[in-house]
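1. Quick one, fold the following:
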Amino acid sequence: MSETFLGRCAGFLAALTGWRRHAAAAVCGALGAAALPPVYLIPLLIPAFCGLLWLLDGVGRPRQALFLGWSFGFGHGLVGLYWVGYAFLVDAAQFGFLMPFAVAGLAALLAVFQALAIYAVAQLSWRGVARGVALAVFWVLSEWLRSWIFTGFPWNLMGSVWTFSPEMLQLAALTGVWGLSFLTLLAASVPAALAGGDEPKIRVRLVVGLFFLLPALAWTGGAVRLASAPIPETHVVEGVTLRLVQPNVEQSRKWQRDLRRGHLDDLIRLSRSPGFEAVTHVIWPETAIPYLISNDSRDADLRSLVAAASPANGLLLTGAPRAGDGRSGSTERSVGGGRLTWNSLIALDATGTARETYDKFHLVPFGEYVPLRWLLSFSKLTAGRGDFSSGPGMTTLSFPGLPPVSPLICYEIIFPGQVVDPDHRPSWMLNVTNDAWFGDSSGPRQHFATARMRAVEEGIPVIRVANTGISGVIDGYGRVLGEMALGTEGILDIALPKPVDDQKIVSISSGWKLITQLFLFIVIGFGLRNFS
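-> Predicted coordinates:
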């Protein structure tokens, strides 16, 4: 009965033509996006990807497969990335009209990668179970391409659907997010092989059942790993107590001239609230200081004021827009030869002295700089007329009283294999961000979920401090040890977790992990290409 029902579904979708085919593909893509954080409706991946393969059965020419994949990707992107539009409503008078174009344009651009993946599946002409394997291979390859082409935007990789489960996340320590994506796509797409005209052979059912059970096997392995992991409360750096400060300042109010001093006073008040004497380091979010700051004597008074939030023998680590005449290794983006500005993380001691500075290097297009500035004349979304400059790149810093750290500002945390310096591996990652741009939407929640994935991949904890949330502490096993909810003001005092004890596996480069998995699954696909 179930095979007959699946066969009818497959036949119906394969028979669709024209706009109906593309509308069905977009609906399937939207269903697949419902499995992403924070909704996690993972069972919907099965009708989404099985439906995509059944639609592909009705395609007669490779070009049709290309457009079919684009339609699926467009529906997937619209639902998964709708929150991007919130940023255009912060200054609705100037940018609000761009909201629908920005969301649809981003979804359309990213859908090209899914289109190429489905085109490759059609070109390979595998059938049955092997077609599900091919879909997993080419989809993950397209995710990898998306992580670096056009400066990269590896948001909502398929493996992120498991970020609610610490047990499932453990596989990422071995395979990176790519292995979770493979596993997920296999389990979601191979049931399409059960919809043949005749009753499926027992061997087909067995292979489909094996692939479908892979997530359960991964969960079991993850549970075993977590059972042997150190107790979080005992696996911490001695003598370090961090205070995470979440001021919850609305983006529309953040840069108003008459409110900026009040924002700064609130940050200092929160930092020095009860328990301050036991804190060794205070951390503020991205661009927490609502003034352009420099390291010279002109801003000595500002640095002295801010330093009131620094513990006597510790540091204040804060995001701030920084100005200067240049810095070795930085990439200039300023126009007209004026002073350069950076989106920075600055470590200030109790005297107001800047002990260390990190400049963001992976800037957000149109948010922090305008690509093709010589051609495009409109302003970026963030405050200020000029573009930010790029910092030198990934680095490991040593702050007094703290283990070596990899600083990451905003979405620098989303890039697999690009969050730590492989030659000087840190003991923790610090991600400061300002997700106020995206309100109470899926965006900040997806951002936090991505930080959990990076923590497990690298085997080192992530300290995340966000303006409006979600701020929190994630250990190297992906366990959330403390967090502040989205849209709340507050502080979180917590110890700094140690990295996992054995990083031999987790420290393997992301590129080699991907290459190994691609080779393995292509071999499996070849072995099953005539399996039906």
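2. In the stretch 151-300 of the chain, where is pLDDT below threshold?
-> 196-200, 295-298 (pLDDT under 70).
3. And the helices in it?
-> 166-169, 172-189, 202-227, 251-254, 260-271, 300-306 (DSSP state H, counting those that start in this stretch).
4. If you count contacts, what does the third one end up packed against?
-> Yep, that's helix 202-227 we're talking about. helix 129-146, helix 166-169, helix 172-189 (3 or more CB pairs under 8 Å, 6 or more residues apart in numbering; DSSP states H and E). (Glycine included, C-beta is placed from N, CA and C.)
5. sorry, back to before: which among the helices of the stretch 151-300 of the chain is found nearest to residue 482?
-> Between residue 482 and those, the shortest separation by CB to CB is 14.7 Å, and it involves helix 166-169.
6. before we move on, the earlier item: pick the most deeply packed of the helices of the stretch 151-300 of the chain.
-> Mean neighbour count (mean count of other CB atoms under 10 Å) peaks for helix 172-189 among those, with a mean of 26.
7. what angle do it and helix 202-227 make?
-> 150 degrees (axes from the mean of the first three to the mean of the last three CA atoms, to 10 degrees).
8. Sketch out the low-pLDDT regions of the protein for me.
-> Looking at the chain by pLDDT under 70, you get 1-4, 196-200, 295-298, 325-338, 367, 369-386, 502-512, 527-532.
9. who are the neighbours in contact with residue 98?
-> Applying CB atoms under 8 Å, 6 or more residues apart in numbering, we find residue 98 in contact with residue 88.
10. before we move on, what about residue 167?
-> 219, 220, 222, 223, 226.
11. which residues of the chain fall in strands?
-> With DSSP state E as the criterion, the chain has strands at 236-246, 281-283, 315-324, 340-348, 354-359, 405-409, 428-433, 462-466, 471-474, 480-484, 490-497.
12. of all those, which lies closest to residue 365?
-> Closest among those, using CB to CB: strand 340-348, at 13.6 Å.
13. mind checking how far the closest one is from the chain centre?
-> When distances are taken as CA atoms, centre = their mean, to the nearest Å, strand 340-348 is centred 22 Å away from the chain's centroid.
14. relative to strand 428-433, how tilted is that strand?
-> 130 degrees.
15. among the helices of the stretch 151-300 of the chain, which is nearest residue 51?
-> helix 172-189 (9.9 Å).
16. Show me what that closest one packs onto, helices and strands only.
-> helix 45-57, helix 129-146, helix 202-227, helix 442-458, helix 510-528.
17. Quick one: list the elements packing against the shortest one.
-> Just to be clear, that refers to helix 45-57. Using 3+ CB pairs under 8 Å, 6+ apart, helix 45-57 is in contact with helix 2-15, helix 18-33, helix 62-80, helix 99-124, helix 129-146, helix 172-189.
18. Now do the first one: which elements does it pack against?
-> Based on contacts counted as 3+ CB pairs under 8 Å, 6+ apart, the elements that helix 2-15 packs against are helix 45-57.
19. quick one, the helix it packs on and helix 202-227 angle?
-> Going by the same axes, to 10 degrees, helix 45-57 makes 140 degrees with helix 202-227.
20. can you count the residues close to residue 403?
-> 16 (other CB atoms under 10 Å).
21. ignore the last one, residue 75
-> Neighbour tally, residue 75, other CB under 10 Å: 26.
22. Also residue 136?
-> 29.
23. Surely it touches residue 180?
-> No - the criterion here is CB atoms under 8 Å, and residue 136 misses it with residue 180 at 11.3 Å.
24. Report the residue ranges of every domain in the chain.
-> Domain ranges of the chain: 2-228+511-528, 232-497, per automatic domain parsing.
25. Just the endpoints, please. Distance across the last one?
-> Meaning domain 232-497. 7 Å (CA to CA, to the nearest Å).
26. returning to what we had before: with distance to residue 160 and mean neighbour count added, can I get the strands of the chain in CSV?
-> Shown next, in CSV, are the strands of the chain (distance: least, CB to CB, whole Å; neighbours: other CB atoms under 10 Å):
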stretch, distance to residue 160, mean neighbour count
strand 236-246, 23, 20
strand 281-283, 25, 24
strand 315-324, 25, 24
strand 340-348, 25, 25
strand 354-359, 26, 20
strand 405-409, 17, 26
strand 428-433, 16, 28
strand 462-466, 15, 28
strand 471-474, 14, 26
strand 480-484, 15, 18
strand 490-497, 22, 20
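27. and residue 122, which of the ones you listed is closest to it?
-> That would be strand 405-409 among the strands of the chain, by CB to CB, at 38.5 Å.
28. which secondary structure elements does the closest one contact?
-> Strand 405-409 packs on strand 340-348, strand 428-433, going by 3+ CB pairs under 8 Å, 6+ apart.
29. can we see that at 6 Å?
-> Counting contacts by 3 or more CB pairs under 6 Å, 6 or more residues apart in numbering; DSSP states H and E, strand 405-409 packs against strand 428-433.
30. Give me the angle between the strand it packs on and strand 236-246.
-> 0 degrees.
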